[in-house]
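>>> Structural data only, the sequence is not supplied:
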Ligand code: ME8
């Protein structure tokens, strides 16, 4: 891993300079930011799609922490239901044993991608199970649940019923597998009764679901008419018992959705609900939009909760032409790439290769190509040439900040504004794109100034000016890149002679002119050693 252990190595460096007061510091309003990923099914091992959502949520969480907001970032695993029970049966172990084994893989993904989640919920947590029962009892007490029998075509991979019209050539549109006929006596939730209220909510909150085309999709689904849904299973054992009828378990999707509320009640040993509810963003791909955009808000209305502020729907990562899915068996394992190149290149690649919010194709070849072209040649090279020139011409000490205007100040301010807006809107790829224009600008600046010529001509003031601007450009980049590639950002700060702590990357430091003179600059190994292809 090229940039691992930055913080540890940092402590061994000399001439540490504290971040100091930013020029534009002042009283700011602190907000709260509660973001969630879906809780992933433990029926199989995690793949790059799961890592992707977790990385997206981590980037915005880190960004909001940089802004001083109170952040709660929730992720976890969905452990009940038919799919998990079937997977366990196939392996000849109990669902509980299966879940206990699988959850370690999912927790490992979180750690490997360097995600800073505040809690990892498992739906088998006893506190969650008790909360789900209390929640569904409220819905029952509100008169929104009744008993009826149901028959239909069931896709066990979706854990959902389909009508003939919704199938594609008789197969599940999402998994390409044949549904099976099921008939049961179930409890039903009066979803149809919520059609108008849901529609009104969508109309009153045009940014409830983002991006816009996903909002339109969900709204049109509501407008086509909603049917009541079955919210319990009679034949399944692996689930949370219905509180008023222990012969049935609660439908896994209802159990799972409630995690977003239950987690707050026990994550930190004190109930955070009043502080943090409702969620600012639920993040997910389009496969589960209907559950989150329709069933979940209706359940919340029934149980008397405030609705989430936004859902953000990112696209599918595809391998070849198809959506990756465990059921289809065409998945890309994120672990080898992360093991070999580190979390940062992987995070960078996912967000840069595919526009966040749209579908896109990923693969190892394009990973390596982008790594070499942008991380090694552009960012890595900018860092090494700057550090080595400061080493050579100024004995490794940041020269004094030059008097007068910097040619880069205005551009940096514009980049910071674009990144701030983009990250606020979940436009993660747009944010990275703006940052990369500045990386390229700095590389052009080196060519334009040709510091080696300035040195040769003995133009000391001009050379100080060039070197300080480059070092300041890198410091600025370390701040705006922190949420995307945190270990690299810390390493860049260290190499510029700054303490790579939270204060150094506070968002108010995404401003020009804050690099103090006198810091000890170290060259070190390349940030991103080139990959031989
Ligand atoms: O649906 N591209 O769990 P799940 C991008 N347990 N993202 C992808 C992806 C891909 N190819 N594949 C998966 C479930 N994802 C339920 C959720 S929530 C209350 C319950 C990501 O393991 C994406 O976020 O199938 C997608 O929505 C989620 O994983 C589905 O995860």
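Thanks, I have the structure now. As the structure is a computational prediction, the values presented were derived from the model and not from experiment. Numbering: from 1, shown residues only.

>>> now residue 192: how far from residue 511?
Using CB to CB, to the nearest Å, we find residue 192 at a distance of 53 Å from residue 511. From N, CA and C alone the C-beta is placed, and that goes for glycine too.

>>> Residue 429 now?
Where residue 511 is concerned, residue 429 sits at a distance of 24 Å (CB to CB).

>>> Tell me which of the two has more neighbours.
residue 429 (20 against 17; other CB atoms under 10 Å).

>>> hang on, that one packs against residue 352?
Yes: taking contacts as CB atoms under 8 Å, residue 429 lies within contact range of residue 352: 6.5 Å.

>>> Would you agree residue 342 is in contact with residue 487?
Yes: counting by CB under 8 Å, residue 487 is a contact partner of residue 342 at 7.0 Å.

>>> Tell me if stretch 54-69 is near the ligand.
No: between stretch 54-69 and the ligand, judged by CB under 6 Å from any ligand atom, nothing touches; the nearest distance is 8.5 Å.

>>> quick one: average pLDDT of that stretch?
Stretch 54-69 shows a mean pLDDT of 98.

>>> Could you do stretch 232-245 as well?
Rounded mean pLDDT across stretch 232-245 is 94.

>>> which residues touch that stretch?
Outside of stretch 232-245, the residues within contact range by CB atoms under 8 Å, 6 or more residues apart in numbering are 80-82, 84-85, 88, 95, 129, 132-134, 136-137, 140, 184-187, 247-252, 255.

>>> 7 Å - rerun?
The contact list for stretch 232-245 (CB atoms under 7 Å, 6 or more residues apart in numbering) reads 80-82, 84-85, 95, 129, 132-133, 136-137, 140, 184-187, 247-252, 255.

>>> swap in stretch 387-407?
By CB under 7 Å, 6+ apart, stretch 387-407 touches 451, 455, 463-465, 467-469, 471, 495-497, 512-513, 515, 517-523.

>>> and if you look at stretch 212-224?
Where contact means CB under 7 Å, 6+ apart, the residues beyond stretch 212-224 that reach it are 195, 198-199, 202, 206, 208-209, 286, 289-290, 293-294, 313.

>>> So which bits of that stretch are buried?
214-215, 218-219, 222 (16 or more other CB atoms under 10 Å).

>>> Go through those and say which is closest to the ligand.
residue 214 (11.9 Å; CB to the nearest ligand atom).

>>> Restricted to helices, list the contacts of stretch 232-245.
With helices taken from DSSP state H, the overlap with the contacts of stretch 232-245 comprises 82, 84-85, 95, 129, 132-133, 136-137, 140, 252, 255.

>>> Sort out which of these are buried, if you could.
Buried residues within these, counting neighbours by 16+ other CB under 10 Å: 82, 84-85, 95, 129, 132-133, 136, 140, 252, 255.

>>> need the residues you listed in JSON lines with pLDDT and distance to the ligand, can you?
Shown next, in JSON lines, are these (pLDDT from 0 to 100; distance: CB to the nearest ligand atom, whole Å):
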{"residue": "82", "pLDDT": "89", "distance to the ligand": "12"}
{"residue": "84", "pLDDT": "92", "distance to the ligand": "10"}
{"residue": "85", "pLDDT": "92", "distance to the ligand": "14"}
{"residue": "95", "pLDDT": "96", "distance to the ligand": "14"}
{"residue": "129", "pLDDT": "98", "distance to the ligand": "15"}
{"residue": "132", "pLDDT": "98", "distance to the ligand": "12"}
{"residue": "133", "pLDDT": "98", "distance to the ligand": "17"}
{"residue": "136", "pLDDT": "98", "distance to the ligand": "15"}
{"residue": "140", "pLDDT": "98", "distance to the ligand": "20"}
{"residue": "252", "pLDDT": "96", "distance to the ligand": "8"}
{"residue": "255", "pLDDT": "98", "distance to the ligand": "9"}
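
>>> now, which of those residues sits nearest residue 379?
Of all these, residue 379 sits closest to residue 84, with 41.9 Å by CB to CB.

>>> any idea how far residue 255 is from that closest one?
For residue 84 relative to residue 255 (CB to CB), the value is 11 Å.

>>> Please apply the same query to residue 464.
For residue 464, the distance to residue 255 - CB to CB - is 63 Å.

>>> Can you tell me which of the contacts of stretch 212-224 has the most neighbours?
Counting neighbours by other CB under 10 Å, the top entry in the contacts of stretch 212-224 is residue 293, with 26 neighbours.

>>> Looks to me like that residue is in a helix.
Yes: under DSSP: H, G, I helix; E, B strand; the rest coil, residue 293 falls within a helix.

>>> on that earlier part again, in TSV: the contacts of stretch 212-224, plus distance to the ligand.
Converted to TSV, the contacts of stretch 212-224 look like this (distance: CB to the nearest ligand atom, whole Å):
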residue	distance to the ligand
195	22
198	18
199	23
202	20
206	23
208	17
209	14
286	7
289	8
290	11
293	12
294	13
313	8
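
>>> quick one: which of those sit in helices?
Short answer: these in helices (DSSP H) are 195, 198-199, 202, 289-290.

>>> Kindly reformat the residues you listed as a markdown table containing pLDDT.
Output for those, formatted as a markdown table (pLDDT from 0 to 100):
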| residue | pLDDT |
| --- | --- |
| 195 | 98 |
| 198 | 98 |
| 199 | 98 |
| 202 | 98 |
| 289 | 98 |
| 290 | 97 |
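
>>> which pair in the residues you listed spans the largest distance?
Of all pairs drawn from the ones in helices among the contacts of stretch 212-224, the greatest distance, 16.8 Å, lies between 195 and 289 (CB to CB).

>>> Next, residue 148: phi, psi?
With angles defined as degrees, to the nearest 10, residue 148 sits at phi -160, psi 170.

>>> and if you look at the one 3 residues further on?
Residue 151 adopts backbone torsions of phi -140, psi 150, taken as degrees, to the nearest 10.

>>> Please list all residues in contact with residue 518.
397-398.

>>> And what about residue 68, helix, strand or coil?
Residue 68 - assigned by three-state DSSP - is coil.

>>> can you list the residues of the stretch 251-400 of the chain near the ligand?
256-257, 259, 284-285, 287-288, 316-317, 323-324.

>>> Apply 8 Å and report the result again.
252-253, 256-257, 259-260, 283-288, 291-292, 296, 314-318, 323-326, 331 (CB under 8 Å from any ligand atom).

>>> I am finished for the moment; much appreciated.
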